[in-house]
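Student: coords below, sequence missing:
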């Protein structure tokens, strides 16, 4: 006889766990399933050669001090009933976006960025102030609409200097856009608030601190979590969703299913795969290298927490050209040491992220794959050196992941980190009772993922149950 649940959640990432907590708080019988052994999805952790590494987390955005009311971070903690202090947040020392002839620096105090714009783009400060006033009046929620405007077009009404537009865009695109060289206007506003107006912090202990808080809270409420348990198919009929069939053939019944697997990936678990096309598969993916250093970045003269760099006057945020495995013209440097911390990190890390092309990494022989990673590491760190320091003489150990790693551990086709360009803002799929949460529902970042899980649980799973 099949087991029956009020809600089954596919994916034990931030959004899935947050949704599970919310439902368990209302005494739902809820089950979270994940194909892999570690929870976290796109933001997870692993251990190798005795060292622990974070995956995905460069920063927890939306930082606000304890006691701040009405902001996304504090709203999440209140709804999930997680104490602020349990996150053990350390603020950034400061971050930077660097183009060939100019840099803009910001901290968790917005006036720092405003001062940088005033000093380096004096003719633009009035327009920048008008832009920030407009953004302040927008809600912190994704908007539904048939054809959302794009940020580049909207920004022209406020800013005339193309370099400033490019510089403001680059960090936001790297932090959450599934669209090459642009981002939807509503997403731009959310990201602007998240990165520039509120800012960056890191939990003591890294991403696992957040994930363990979510997992433990969920399990304490009676929620069930099954790892190493993949979903082969979502079962549905004329009346809507009925349950799932697992990879081992086990059938589980449910009244509602929330999926954080992605729009395309979820549709392919139903009998409506023909509703999605290759154009719905996200085109953007990355390589990332984690280099353990023999010295702290500050000892080598580098105090920035995160640097977004671009070697050309126009930003580069698109898949590399055919035949190229990465694009070296832009990237993200992150030094976790440069967050405030009670104790120094055990290992000093330098993280470098570059745009990559999935088909240039997938399917190549292992020996070629390893050699390609080594070659890219050498060249990429030479290009990144002017924006930070030369890592290569200080390297003790290197690990890294590529688009094929991302696809293997997340199930996202093409290793698409930010999912499909097609977002279902209300979470509704064409199958009654099947809803999306997470990246392809339209929220962005770690805080956005948790907001998505909470919002979809509130709007759909709890509503259907009459809670």
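Tutor: Cool, got the structure. Since we're looking at a predicted model, the values are computed, not measured.
Student: tell me the SS of residue 347?
Tutor: Here residue 347 is recorded as coil under DSSP: H, G, I helix; E, B strand; the rest coil.
Student: Isn't it up against residue 292?
Tutor: Yes: using CB atoms under 8 Å, residue 347 is in contact with residue 292, at 4.9 Å. In this view, the C-beta of every residue, glycine as well, is placed from N, C-alpha and C.
Student: Quick check: neighbours shared by those two?
Tutor: With contacts taken as CB atoms under 8 Å, 6 or more residues apart in numbering, the residues that reach both residue 347 and residue 292 are residue 51.
Student: Could you list every helix and strand in contact with the longest helix belonging to the chain?
Tutor: The residue-count maximum for a helix in the chain (DSSP state H) belongs to helix 366-384. Packed against helix 366-384 by the contact rule (3 or more CB pairs under 8 Å, 6 or more residues apart in numbering; DSSP states H and E) you find strand 285-293, strand 326-334, strand 349-356, strand 395-401.
Student: centre of the chain versus the first one, how much separation?
Tutor: For strand 285-293, the gap between its own C-alpha mean and the chain's C-alpha mean amounts to 16 Å (CA atoms, centre = their mean, to the nearest Å).
Student: Nearest to residue 431, out of the helices and strands packed on helix 366-384?
Tutor: strand 285-293 (27.6 Å; CB to CB).
Student: So which bits of the helix or strand following the closest one are buried?
Tutor: Per DSSP states H and E, the first helix or strand lying C-terminal to strand 285-293 is strand 306-310. Neighbour-count burial for strand 306-310, counted by 16 or more other CB atoms under 10 Å, picks out 306, 307, 308, 309, 310.
Student: Could you name the helices and strands sitting against strand 306-310?
Tutor: Judged by 3+ CB pairs under 8 Å, 6+ apart, strand 306-310 is in contact with strand 95-99, helix 162-174, strand 326-334.
Student: possible to save these as a markdown table with mean neighbour count, mean pLDDT and distance to residue 27?
Tutor: As requested, those are arranged in a markdown table below (neighbours: other CB atoms under 10 Å; pLDDT from 0 to 100; distance: least, CB to CB, whole Å):
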| stretch | mean neighbour count | mean pLDDT | distance to residue 27 |
| --- | --- | --- | --- |
| strand 95-99 | 23 | 98 | 43 |
| helix 162-174 | 22 | 97 | 39 |
| strand 326-334 | 22 | 98 | 41 |
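Student: Which of these sits closest to residue 19?
Tutor: For residue 19, the closest of the helices and strands packed on strand 306-310 is helix 162-174, at 25.6 Å, according to CB to CB.
Student: Show residues contacting that closest one.
Tutor: Residues contacting helix 162-174 (CB under 8 Å, 6+ apart): 95, 97, 99, 102, 104, 117, 121, 124, 128, 151-152, 155-156, 159, 181-183, 188, 191-192, 195, 306, 308, 310, 313-315, 317, 330, 332, 353.
Student: Switch the helices and strands packed on strand 306-310 over to JSON lines; also include distance to residue 50.
Tutor: Below are those laid out as JSON lines (distance: least, CB to CB, whole Å):
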{"stretch": "strand 95-99", "distance to residue 50": "30"}
{"stretch": "helix 162-174", "distance to residue 50": "30"}
{"stretch": "strand 326-334", "distance to residue 50": "22"}
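Student: Give me the nearest residue to residue 356, chain neighbours excluded.
Tutor: Excluding the flanking residues, the one nearest residue 356 by CB to CB, 6 or more residues apart in numbering is residue 287, at 4.4 Å.
Student: got it, and residue 191?
Tutor: Leaving aside its sequence neighbours, residue 191 sits nearest to residue 172 (CB to CB, 6+ apart; 4.0 Å).
Student: how about the strands in the stretch 51-200 of the chain?
Tutor: In the stretch 51-200 of the chain, the strands defined using DSSP state E, counting those that start in this stretch lie at 51-55, 89-91, 95-99, 102-106.
Student: Which one, of those strands, ends up nearest to residue 404?
Tutor: strand 51-55 (14.3 Å).
Student: Does the closest one pack against any helices or strands, and if so which?
Tutor: Secondary structure elements in contact with strand 51-55, counted by 3+ CB pairs under 8 Å, 6+ apart, are strand 44-48, helix 207-220, strand 395-401.
Student: The longest helix of the chain: how far from the chain's middle?
Tutor: Distance of helix 366-384 from the chain centroid (CA atoms, centre = their mean) equals 24 Å.
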